[in-house]
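1. Need coordinates for the following:
(2 chains)
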Protein chains: 2
Amino acid sequence: MSSGGQRNWPRRVRALQDRRTRQSEGVVFVEGIRHVIDAVDAGLHVEAILVDPSRLRSARAWEMLDAAGQQGVEIVQLSPDDFARLSNRDNPVGLAATVHWRLEDLRFIDADPAGVYLATDNVRDPGNLGTIIRAADALGATALIVHKGTDPGHPTALRASLGSAFRLPIHTVETLNELFYWAQSNGVAVYGTSARAEAELPDAPLNVPAVLLLGNEGDGLAEETRDLCDGLLRIPMGGAASSLNVAVAAGILLYELQRRLSPSAGD
Amino acid sequence: MSSGGQRNWPRRVRALQDRRTRQSEGVVFVEGIRHVIDAVDAGLHVEAILVDPSRLRSARAWEMLDAAGQQGVEIVQLSPDDFARLSNRDNPVGLAATVHWRLEDLRFIDADPAGVYLATDNVRDPGNLGTIIRAADALGATALIVHKGTDPGHPTALRASLGSAFRLPIHTVETLNELFYWAQSNGVAVYGTSARAEAELPDAPLNVPAVLLLGNEGDGLAEETRDLCDGLLRIPMGGAASSLNVAVAAGILLYELQRRLSPSAGD
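-> I've put the predicted structure just below:
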């Protein structure tokens, strides 16, 4: 274990709070025992694991550090003060890491002919985006496609994803035109979601390969985006004031699509 | 509009941050234009609407204040400093209220013979509980039953519910035994959720009237609770590390139950 003297790690971590730094370097900051172990288990290239031995009590974490050290991962020992300075937590557990993690540009991805893609347009809350990533991973989505909005590498999004951000492929598009062009070129249908759609689940037509496109928390999909979709879906809901959190809507859409694809579908 | 001089409103609102005060008085604090209008529209008995005229710019809010004042609601004008002191927000909009809102004890409720009840066991995060309340309202649950965990009257839960907390009946139980006793006395089946359940949706048996019982974020339902259930359900998921946010799971369960109850079920 090296001492932290060579590099100013609190400053390094502070720089990674900035989205532009994360994206230009392709590096994110993760904190906490479960999250660091998730990143290591996912096989990500770890820049450094940051440890405050005075705080770290977990035997499992120490075993992971031992194994990572033997594989040549840089493990940096920090003073309690330095660790407190870089931590985002009220009660730091003494384990964090900076890891290489970069979103792939959708234009360079070949579509899976049986693919179930979830896409988000301008989702703003990092907790919501992380919960969407977790749901997409758990419910068997092929990949998530992110357009605008908050950054999947935001510490809150990574935390809410509970490690799924490191397991699920995540692609980005600069514009929705890129998404529609990719879908058309690859024979993938794009289904938008709208509270005003005529086609109501569970009966609405829905086939794979598919992109399920979700609008943002406040406004949903813009009218010109809805016009470009191959189909529009509505989740059946109660009164006029009713609406669903975007991550809950994502979960229901993926559940419904997987239900249709399951061997017992049509019962 | 009365001036705020007679009562120390910042102190009153601070007292309502405490769960015991909220519960013993049956009064909660809501803040923001949409949330105050939701409470008024839901027909709740408003203790007082708190206004900082220097901040409040919404014509819709002023119309509501006019109508509420004519109906005899107490409207209190506060100084910018006093309003900032009671606000939970970085950028207060100048509108808040204290409203009477009390959860009903489940023991005094007759079950709806076609009821779809959602129940939570020790859900800890107020944002999750508010998102569950919103989903239960939107997806046609008869009521929510809350056992332990965070308080539905927590400001974060109320905010995340987007007004649904004032529309959906919410009942409480002191112990899970009360819930199971109520269900048995009323002929309501209790379905627990468990990642280890044998019965996987969408094929698992599930009939109304029903309680869909969700465990908490970390541990799910305790084994002795699962043993008491009439059935256990599992949402189909991918890898071993997969899991769903509790509000996403609630949305999927309610969607699935409503799908079965819909006229076209069996397609």
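
2. mind giving me the domain split of chain A?
-> The record, using automatic domain parsing to delimit domains, assigns chain A the ranges A:2-100, A:105-261.

3. okay, the ones you listed, which one's buried deepest?
-> domain A:105-261 (a mean of 20; mean count of other Cβ atoms under 10 Å in any protein chain shown). The way it works is simple: take the backbone N, C-alpha and C, and place the C-beta from them, glycine included.

4. residues in chain A within reach of chain B, list them.
-> With Cβ under 8 Å from any Cβ of the partner chain as the criterion, chain A meets chain B at residues A:38, A:127, A:131, A:134-135, A:137-140, A:160, A:162-164, A:167, A:201-203, A:235-239, A:241-245, A:247-252, A:255-256, A:258-259, A:262, A:264, A:267.

5. Surely A:Arg34 touches A:Phe166?
-> No. At 11.6 Å, A:Arg34 does not count as touching A:Phe166 under the criterion of Cβ atoms under 8 Å.

6. measure A:Glu25 to chain B for me?
-> When Cβ to the nearest Cβ, to the nearest Å is applied, the distance between A:Glu25 and chain B equals 27 Å.

7. got a list of what the residue lying closest to that residue once chain neighbours are set aside touches?
-> What sits nearest to A:Glu25 in space, not counting adjacent residues and going by Cβ to Cβ, 6 or more residues apart in numbering or on different chains, is A:Leu16, at 8.0 Å. If you count contacts by Cβ atoms under 8 Å, 6 or more residues apart in numbering or on different chains, A:Leu16 has them with A:Arg22, A:Glu25, A:Val27, A:Val28, A:Phe29, A:Thr98.

8. export the residues you listed to a markdown table and tack on distance to B:Asn177 and secondary structure?
-> Output for these, formatted as a markdown table (distance: Cβ to Cβ, whole Å; DSSP: H, G, I helix; E, B strand; the rest coil):
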| residue | distance to B:Asn177 | secondary structure |
| --- | --- | --- |
| A:Arg22 | 50 | helix |
| A:Glu25 | 55 | helix |
| A:Val27 | 51 | strand |
| A:Val28 | 46 | strand |
| A:Phe29 | 45 | strand |
| A:Thr98 | 49 | strand |
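
9. Please identify which pair of those lies farthest apart.
-> Using Cβ to Cβ, the two most remote members of the contacts of A:Leu16 are A:Glu25 and A:Phe29, lying 11.1 Å apart.

10. quick one: the longest helix along chain A to chain centroid distance?
-> Taking residue count as the measure and DSSP state H as the definition, the longest helix of chain A comes out as helix A:246-261. Taking the mean C-alpha point of helix A:246-261 and that of its whole chain, the gap between them comes to 17 Å (Cα atoms, centre = their mean, to the nearest Å).

11. gap between the two ends of stretch A:50-67?
-> Start-to-end span of stretch A:50-67 (Cα to Cα, to the nearest Å) is 15 Å.

12. That one: how far from the chain's middle?
-> Put simply, stretch A:50-67 sits 26 Å off its chain's centre (Cα atoms, centre = their mean).
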